[in-house]
Every structure is written in structure tokens, then in C-alpha cells.
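[1] next one to model:
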Amino acid sequence: MLHAPDYVRAIAPYQGGKPVSELAREYGLDESRIVKLASNENPLGMPQSARDAMAAAAVELARYPDGNGFALKSAISKRFDVPLEWITLGNGSNDILELATRAFVQPGESTVFSAHAFAVYALASQAVGARSIVVPTVASGPQAYGHDLDAMLQAITTDTRIVFVANPNNPTGTFLPAAAVERFLEQVPTRVLVVYDEAYTEYLRPEERPDAFAWVRRFPNLLVSRSFSKAYGLAGLRVGYGVAQPLVTDLLNRLRQPFNVNLLAQAAAVAALADGPWLEQAYRANREGMAQLEAGLDAIGVRWLPSWGNFLLVQVVSPSGSGAGEGVHQSASAGDPAMPVYERLLRAGVIVRPVGNYALNGWLRVSVGLPEENAAFLAALPSAIGR
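    Numbering: from 1, shown residues only. Modelled structure (predicted):
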């Protein structure tokens, strides 16, 4: 029998949001009437500037892309005033997270991250045989369900190699103020790499956005990861990047695949990064859509967590098991009581994301869509929860 490490065999593969075509096949629904609010994609789609750049680049598809990604790295360097050699390109920001884990963590060592944080932190840790130290979130108050940075500091052990911090966090949408993150960075041992995940930073209000790249100049043990999949609308192209000092980027580039970001993705990302009006449009559409969802959920009497991303965590089943409303933290269990609600929404042609695998039983994550998509979800929800 072929041998593979037990820690690899134990991995439960990442499950993305259900595709529209799959739901149409399963339930015999018209694809044009299905609303997908499951994967935190930009409902506006891809900017025209990126489409045009891809069309122009397509004539070179018979050739390999620039393995060093010079044009995209140069654009990132100019846009954010960081040295070119501080940048690593990834096949989505997931690639950056996995490269960092492979570069710095050996079997038997540990990583630290918050409960209810992005699933890839656990998957990347497990893939290298590392031990995941999962720290409970803040239990109550305005920061409830958010990272407990003090507890995360206390959780660091002598064998900890990476601490993952998502800000804003997926799937809770919680946010850590810049001052709190900076204090945390000052206290993390310099032998531990901090991976600061900013996949949703473009959705923050301008006054809330920390200058994470300035932190990279101060902290040699900091890696900031960002994505073009969300606000920039390039999820299908899979392109992200990391910024860190050369001590880190040199190791990441030793491990990454030579052509990990394809030619069309590089061209589209260069164009999207320069398209300021598009980014502003995406930001404003998200703010308006978020307000629409919040008001609609309040009208129904369904609890939601304040979010700094482009999605809301919605409590569709209370801890008592009936209805939706106030509740406390729950542990993962064999059966998530939110699943029947999820299934009823599917039958109504609305795809959202169950989050029982994040130890958030009774909750669903709902991405912000176009006004008519948000309205479709709000119209389907009352009957799905038995109202």
C-alpha cells in the first residue's frame, strides 16, 4: 500500500462555496435565477480595465508568463512604496499562507491562530505536520468573536514558528484596531513569524486602514498577505501577494512554483491595481449592500455580527435550537443546526456558506451582493428559518 504521513491522510479538503451550476443540476433550477452569496466575491465582477489587459495579453498565451512577475511586482512596489525584493507573488493569497508555513514550520512544531479564523491556517499547518494551537476568541462585548491578542501571545510556546492574524477576519468579519495590532507585534518573539492576512483590507473605511507595510519596515518577522480576489474582482484568476523583508521573501521564493501566477492573472492584476475609480466603486457598493442586509435582518429580527469585510455572519438558529436571536459561543458538533436552513435557502435558489466547520454552529455567512441579490436572500430567509 502506498504510504503517506498520517497528518496528510487526516486532512479534510477545503470546501468552497457551492457553484451555481451544481445547484442548478441538483435541484433543477434555472441558473439565471440563482443567487450566489457564498464566496465573498465582488458582485460587480471584474473591472473593464482588467478585461482589456487580459485581451491584450492573450496573444502571448503560447509562451510562459514572467516567472518573476516583474511588471506586477513593479506596480505593487510603486503603489505601496515597498522595495521590489520585499514582494512575493502567489496563486491567490492562500499560496502565500501555504508557502510561509512550508518555509518556517517543521513536523511537530506549532502554529497559533484564533478560533473562527480562516480555515487555511489549520489546513496549511496540518499539511506540514504541525500542531495547531487554537486560541478562544473574545467572549463578550464589542470585540466578541474577535481575536484575543493577549491570549494569543500567551499561547506562543518554544516550538511556535508562526502566528496567523486575519484582519478583518473571515468568517466573523471582526476587526482589530491598528494600535492593538502594533502592540501585539511589539511583544511577539522575534523568532516567530507573524502572518498578517489583509485579504479584506480594501473594504475598511480609509481612516481605519492600518499602514501594515510600514510595520514590515519595523518588524523583520512580519509577513503581510493581500489578495486580488475580493475588492479587485479577480477571484477566478487566483492572484495574491505577500510583503516582507528579504529574510522572509527569499525563502518563500525558493519554495514557490516557477510560474505560480499565470500570464492573464498578472496582466489583469496590474490593470486592476491602477484602477482607482473601480476600487472606490467596489468599496461604496459594499457599504450600501452591507447597510441593506443589516436593515433587512433587523426587520426580520435575526442577529448578525458587525462586519468589516464584504460579508455578514448571521445567526439563523439560536443555541436553544429554535429560531434566531441572541446567543453565546458554541462548539463544533456532529450536526450543525443551521444546515436545514442552508438547505431551504438552496431550494429557494440562494447559496450562502455554512460555517459549522469553523465551530460556528447555528450561523451562516452571507456575502454582500448586488441590491437585487441581497433582496432575494432577505425574501427567502423568513420561511427558511420558520418565520
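[2] and the helices in the stretch 51-200 of the chain?
    70-80, 93-104, 119-127, 149-155, 178-187 (DSSP state H, counting those that start in this stretch).
[3] please produce a markdown table containing these, extended by distance to residue 240, mean neighbour count and mean pLDDT.
    In this view, the C-beta of every residue, glycine as well, is placed from N, C-alpha and C. Shown next, in a markdown table, are those (distance: least, C-beta to C-beta, whole Å; neighbours: other C-beta atoms under 10 Å; pLDDT from 0 to 100):
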| stretch | distance to residue 240 | mean neighbour count | mean pLDDT |
| --- | --- | --- | --- |
| helix 70-80 | 11 | 17 | 97 |
| helix 93-104 | 3 | 24 | 96 |
| helix 119-127 | 12 | 21 | 94 |
| helix 149-155 | 23 | 16 | 98 |
| helix 178-187 | 20 | 15 | 97 |
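[4] dump these into TSV; add distance to residue 221 as well.
    As requested, the helices of the stretch 51-200 of the chain are exported to TSV (distance: least, C-beta to C-beta, whole Å):
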stretch	distance to residue 221
helix 70-80	20
helix 93-104	10
helix 119-127	17
helix 149-155	14
helix 178-187	8
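[5] tell me which of the ones you listed lies nearest to residue 293.
    Of all the helices of the stretch 51-200 of the chain, it is helix 119-127 that lies closest to residue 293, at 23.0 Å by C-beta to C-beta.
[6] which neighbouring elements make contact with the closest one?
    helix 6-9, helix 93-104, strand 110-114, strand 131-135, strand 160-166 (3 or more C-beta pairs under 8 Å, 6 or more residues apart in numbering; DSSP states H and E).
[7] mean pLDDT per helix and strand in the protein: which one sits at the bottom?
    helix 6-9 (a mean of 68; mean pLDDT, DSSP states H and E).
[8] list the residues that contact residue 116.
    137, 145, 169, 171-172, 358-360 (C-beta atoms under 8 Å, 6 or more residues apart in numbering).
[9] repeat that for residue 200.
    Counting by C-beta under 8 Å, 6+ apart, residue 200 touches 40, 168, 170, 230-231, 308-310.
[10] now render these as CSV, adding neighbour count.
    Shown next, in CSV, are those (neighbours: other C-beta atoms under 10 Å):
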residue, neighbour count
40, 23
168, 23
170, 26
230, 27
231, 25
308, 19
309, 29
310, 27
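[11] pick the one among those closest to residue 92.
    Looking across the contacts of residue 200 and measuring by C-beta to C-beta, the closest to residue 92 is residue 230, at 10.7 Å.
[12] got the contact list for the closest one?
    Contact analysis of residue 230 by C-beta under 8 Å, 6+ apart lists 40-42, 199-200, 202-203, 310.
[13] ends of stretch 194-207, how far apart?
    Stretch 194-207 has an end-to-end distance of 24 Å (C-alpha to C-alpha, to the nearest Å).
[14] could you pull out the buried residues of it?
    Of all the residues in stretch 194-207, those buried under the rule 16 or more other C-beta atoms under 10 Å are 194-204.
[15] farthest pair in the residues you listed?
    Spanning the widest gap among the buried residues of stretch 194-207 are 194 and 203, at 21.7 Å by C-beta to C-beta.
[16] circling back to that earlier point, tell me which two of the contacts of residue 200 sit farthest apart.
    With C-beta to C-beta as the measure, no two of the contacts of residue 200 lie farther apart than 170 and 231, at 13.5 Å.
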